[in-house]
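Novice: I would like to see how this sequence folds:
(2 chains, ligands or ions: 1)
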Amino acid sequence: MTNPLYQKHIVSISDLSREDIELIIKTAARLKQQPEPDLLKGKVIASCFFEASTRTRLSFETAVLRLGGSLVGFDDAGNTSLAKKGETLADSVQVISSYTDAFIMRHPQEGAARLASEFSSVPVINGGDGANQHPTQTLLDLYTIYESQGTLDGLKVALVGDLKYGRTVHSLAQALSKFNCEFYLVAPSALAMPDYIVEDLEEKGVVLHQSDDLEAVIPECDILYMTRVQKERFDQTEYMHVASKFILKASMLANAKSTMKVLHPLPRVDEIEVDVDHTPHAYYFQQAENGVYAREALLALVLKPEFE
Amino acid sequence: MSEKLQVEAIQQGTVIDHIPAGQGIRILKRLHLESAGKRITVGMNLPSKNHGLKDIIKVEGRMFTEDEAHQLALFAPSATINVIDDYEVVNKFTMQLPDTLEGVFSCPNTNCISLNEPVKSFFYISNKTSAESGDSVVKMRCKYCEKSFSKEVVVAS
Ligand SMILES: [Zn+2]
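Specialist: Residues are numbered from 1 along each chain as shown, chains lettered A, B, ... in the order given. Modelled structure (predicted):
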C-alpha cells in the first residue's frame, strides 16, 4: 500500500495528522536501528539554502547521503546567480524541481515553502521559512520525546525560556496538543507564550500551567524543553536578572523524575550549564543526532511509495 | 414600485447602498469597479435613516457576483447590494463572510513571501465571538506566512 506521505510537501507541522506524525516517528526509529544505505540510490535531492543555517543543512545533507541519495544545491543564495539576476522564487523552484526528485529549502521569508510547494513538481521539504515554520525541528523533537519516554501521550512537558519568539516551542506545543500532553509554560513575563497560541491550546482542551519558577516545575515534568533567552530582548541589567532565573544547573535536578529528560534545540549559550551534561537527564545531543533520522524518515516517506 | 434609491435611478446594474460614509471610494478601488469601463456614480455623505451619513455606489450594466458580495462583507458588512433590472430591485444580496478570500487585500506581514512573488494573496477567514465583549471577531490567516490578523488590520494595510 502506498504510504500517505508519498509525494507530499512537508511545509507546516499543522498539515500533519497525528497518524502522519506517528508514521514519521516509527520510520525514524526503524532507520536508526536498521540503516538503509541504498534506499535513495539514483535520486537527486536539491538542498537550497537561501539563507545560511549550517546545522540544519548538514543534518539534511547527512540524511540524504546516509540513504544513498545525491545532492545538488547551494548553502547561501547570496553567492548564487539567483540573487544577482533577481529571479522570483517561483521561477527558481520550477526550474530546480525539474532537475531533481525532492526539494529541501530554507528561506528568510515567511511563507516561502508554501509558495514553493505551489510551483514545484517534486515534494518540497521546509527547512525553515523566516519566523514561520520549521517542521523538521518539531518532528525531531517529537521523535526524541518518544524515544526517551516510550510514548507521546499524556506527558507533562515544561517549555522554558523565550516562549514569545521561539517558533520551535510554538510548533512543539501545537503538535503535542494532539497527544493529550499537559504544559508548564515557564517564561519571564516579557517573553510569555503569545495569546493566540494559548487560546488555540485552551480551545483544544489542553491543560496549561503558567509559571516563572523553573526549580518548582522540574519535579513535575517528564520533559524539560529549554530555549534561549536572547540578550537583545532586554537591557543589560534586566537581562542579568531575568536570565539567571531561567538557567538550568545540575543542582536543580535533584528532585526530578528519574526518567525526566532535558531537551534544547541548540545551540545553547548559557541557559544550560555544562554540569548538566553529565547528568542522566541531559538528552540534547541525542536530540541533535536524531535530527538526521527524522529527516531520513521524511525523505524516505515522500520518495518511496511502498515505504512504511 | 421598487425601493426608492436616493441617487438617480439606473435601468440595469448594481447599487451598493448603506456603505459607511467615507468608504465608497475605497470599495470602488478594492473591487476594481472603475476598470470595467462601465458608468459609475458614487454618492458620498448622503443622509441615511439608520446611520447618519452613508455612501452609495451605482454601477450600470454590471451585475455583482456572489463572490464580490462576500468580499464586500469584509469591509462594509452593513452595506446592501441591490441588483437592478428595468429600474426595479430584482435581487438583494445578503452579506455573508466568505471562508477564504483571494487577491483583494495584501498580507500585512512585510516579510511575507506573497508580497513580491507572482501569486495572489490568500486568506482563510474565521469568525469567532469574543468571550469578553460578545462581539464578533473576524480573523484572517494568510495561507503563505500562516500569520493571523484581525480583519481591521488587513483592511487598513
Ligand atoms: Zn502572509
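Novice: how about the strands in chain B?
Specialist: Secondary structure of chain B (DSSP state E): strands at B:12-20, B:40-48, B:52-60, B:80-85, B:88-93, B:100-102, B:122-129, B:136-142, B:148-150.
Novice: no no, the stretch 51-200 of chain A
Specialist: A:70-74, A:102-107, A:124-129, A:156-160, A:182-186 (DSSP state E, counting those that start in this stretch).
Novice: pull the contacting residues for the closest residue to chain A within chain B.
Specialist: The minimum distance from chain B to chain A, using CB to the nearest CB, falls at B:Tyr144 (2.8 Å). For every residue, glycine as well, the C-beta is placed using N, CA and C. Neighbouring residues of B:Tyr144 by CB atoms under 8 Å, 6 or more residues apart in numbering or on different chains: A:Glu110, A:Gly111, A:Arg114, A:Leu115, B:Cys107, B:Cys112, B:Ile113, B:Ser114, B:Val119, B:Phe122.
Novice: just A:Val217 next, same as before
Specialist: A:Ala158, A:Val160, A:Tyr184, A:Val186, A:His209, A:Ser211, A:Leu224.
Novice: from the ion, how far out is the fourth one?
Specialist: In other words, A:Val186. Distance of A:Val186 to the ion, given as CB to the ion, to the nearest Å: 30 Å.
Novice: beta partners of that residue?
Specialist: Taking DSSP bridges as the rule, A:Val186 bridges to A:Val160, A:Ser211.
Novice: pretty sure it contacts A:Leu214?
Specialist: Yes - if you go by CB atoms under 8 Å, A:Val186 and A:Leu214 touch, sitting 5.4 Å apart.
Novice: spell out which residues are contacts of both of those two.
Specialist: Contact with both A:Val186 and A:Leu214 is made by residues A:Ala158, A:Val160, A:Phe246, according to CB under 8 Å, 6+ apart.
Novice: circling back: find the nearest non-adjacent residue to the residue of chain B closest to chain A, please.
Specialist: Excluding the flanking residues, the one nearest B:Tyr144 by CB to CB, 6 or more residues apart in numbering or on different chains is A:Gly111, at 2.8 Å.
Novice: lowest-confidence entry in the shared contacts of A:Val186 and A:Leu214?
Specialist: Least confident by pLDDT among the shared contacts of A:Val186 and A:Leu214: that is A:Phe246, with 90.
Novice: would you check that that one makes contact with A:Val229?
Specialist: Yes - under the criterion of CB under 8 Å, A:Phe246 makes contact with A:Val229 at 5.5 Å.
Novice: these two: who's more crowded?
Specialist: Taking neighbours as other CB atoms under 10 Å in any protein chain shown, A:Phe246 and A:Val229 compare with A:Val229 leading, 27 against 20.
Novice: pLDDT score for the more buried one?
Specialist: Model confidence at A:Val229 (pLDDT) stands at 86.
Novice: can the helix or strand of chain A with the lowest mean pLDDT be said to contact chain B?
Specialist: Ranking every helix and strand in chain A by mean pLDDT, DSSP states H and E puts helix A:81-85 at the bottom, with a mean of 74. No - judged by CB under 8 Å from any CB of the partner chain, helix A:81-85 and chain B are separated, with a smallest distance of 13.3 Å.
Novice: where does chain B have low pLDDT?
Specialist: Across chain B, the ranges flagged by pLDDT under 70 are B:1-7, B:51, B:131.
Novice: buried sites along the helix ranked longest in chain B?
Specialist: The single longest helix within chain B, with elements called by DSSP state H, is helix B:66-75. In terms of neighbour count (16 or more other CB atoms under 10 Å in any protein chain shown), helix B:66-75 has its buried residues at B:Glu68, B:Ala69, B:His70, B:Gln71, B:Leu72, B:Ala73, B:Leu74, B:Phe75.
Novice: chain B against the ion: which residues are in contact?
Specialist: B:Cys107, B:Asn109, B:Cys112, B:Cys142, B:Tyr144, B:Cys145 (CB under 5 Å from the ion).
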